[in-house]
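Visitor: Sequence and computational prediction follow.
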Amino acid sequence: MAAALSERDVRAVRRRGKYLWLVLDDEESVVIHLGMSGQFRVGDQGVPGNPAHLRVEADLADGRTLQFFDQRTFGGWEFAALQEVDGELVPAPVAHIARDPFDPKFDPAAVARRVRAKRSAIKRVLLDQTVLSGVGNIYADESLWRARLHGEQPAAGLSPRKTAELLDALAVVLGESITEGGTSFDSLYVNVNGESGRFSDWLAVYGQEGKPCRRCGSAIRREAFMNRSSHYCPRCQRLP
DNA sequence: CAGTGGCCCTGTCTGC
DNA sequence: TGCAGACAGGGCCACT
């Protein structure tokens, strides 16, 4: 990769959901995923990363250094051909990834129809990147709380109105998290300048087990879900 | 073909 | 003090 990237121009940097990619020319790109602990740093600013977790280092033409750190190694870089999908040029590994809520062509009505056509629990559907992208465990829990929905509720049983409400809640949650600088619990999660986000102060249910619900005061519960956790308010978010 | 769940990884924390 | 096990979670893939 180092040899192939040497002296190459990066014409654009694009993203969809949790994937981002560097456009090298009309045919080729480098697809990057942060996994759960990947992060970029511009080397001459902010707090230096842990050298043990430095995976990629690139010297930029302006003299700065771009570094990619990843502690838990779920992230990665790969070369990928660009291909046209639904009127958009995307790398092959991203072809199956649906548009995210910030995409100008994101169609809430169409996504709501797809959600309601799923024979699965609503939280699983929110995490399905082929339905809509950009939503992980934290934002799924937060948006379900906002929309007063239990994650185990069958997606097919949701009314069109409730589904629209959930997608609205999701857009608010994602928007506010970006404003707050992302979800960060410790020094592991920082932006390119080494600054930590404060979104965790803002979380209503995620990681709040035992604490009172902001709306009704009931103790927030945590349950095992797909080898991770679901957090919810037992009073505000009931199964019908 | 859609849906389900196990597993990959590393560092930190908890409980015995 | 030391060690085992739980936990964090995005996405792939084998299985139903």
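Guide: Sure thing, it's come through.

Visitor: Please, where are all the strands along chain A?
Guide: Assigned by DSSP state E, the strands in chain A fall at A:12-16, A:19-23, A:28-33, A:38-42, A:54-59, A:65-70, A:76-85, A:88-91, A:221-225, A:228-232.

Visitor: just the residues of chain A that are near DNA strand C, which are they?
Guide: For chain A, the contact set with DNA strand C under Cβ under 7 Å from any atom of the strand comprises A:17-19, A:33, A:35-36, A:72, A:74, A:93, A:127, A:129, A:136-138, A:206, A:222, A:224, A:226-229. Where you see a C-beta, it was placed from the backbone N, CA and C, and this is true even at glycine.

Visitor: in chain A, what residue is nearest DNA strand C?
Guide: A:G136 (2.6 Å; Cβ to the nearest atom of the strand).

Visitor: Just the helices from chain A, written as ranges.
Guide: If DSSP state H is used as the criterion, the helices of chain A fall at A:2-5, A:108-116, A:122-126, A:137-146, A:160-179.

Visitor: ok and the lowest-mean-pLDDT helix or strand in chain A relative to strand A:65-70, angle-wise?
Guide: Lowest by mean pLDDT, DSSP states H and E among the helices and strands of chain A is strand A:38-42, with a mean of 85. Using axes from the mean of the first three to the mean of the last three Cα atoms, to 10 degrees, one finds that strand A:38-42 and strand A:65-70 are set 160 degrees apart in direction.

Visitor: and the closest residue to A:A140 other than its chain neighbours, what does it touch?
Guide: Counting by Cβ to Cβ, 6 or more residues apart in numbering, A:A140 lies nearest to A:L126, which is 4.3 Å off, once chain neighbours are set aside. Neighbouring residues of A:L126 by Cβ atoms under 8 Å, 6 or more residues apart in numbering: A:L132, A:V135, A:A140, A:S143, A:L144, A:L170.

Visitor: Try it again at 10 Å.
Guide: Contacts for A:L126 (Cβ atoms under 10 Å, 6 or more residues apart in numbering) come out as A:115, A:132, A:135-137, A:139-141, A:143-144, A:149, A:151, A:155, A:166-167, A:170.

Visitor: residues touching the residue at minimal distance from the centre of chain A, list them.
Guide: Nearest residue to the geometric centre of chain A (Cα atoms, centre = their mean): A:G134, 3.8 Å. Neighbour list for A:G134: A:15-19, A:97-103, A:106, A:170, A:174 [criterion: Cβ under 10 Å, 6+ apart].
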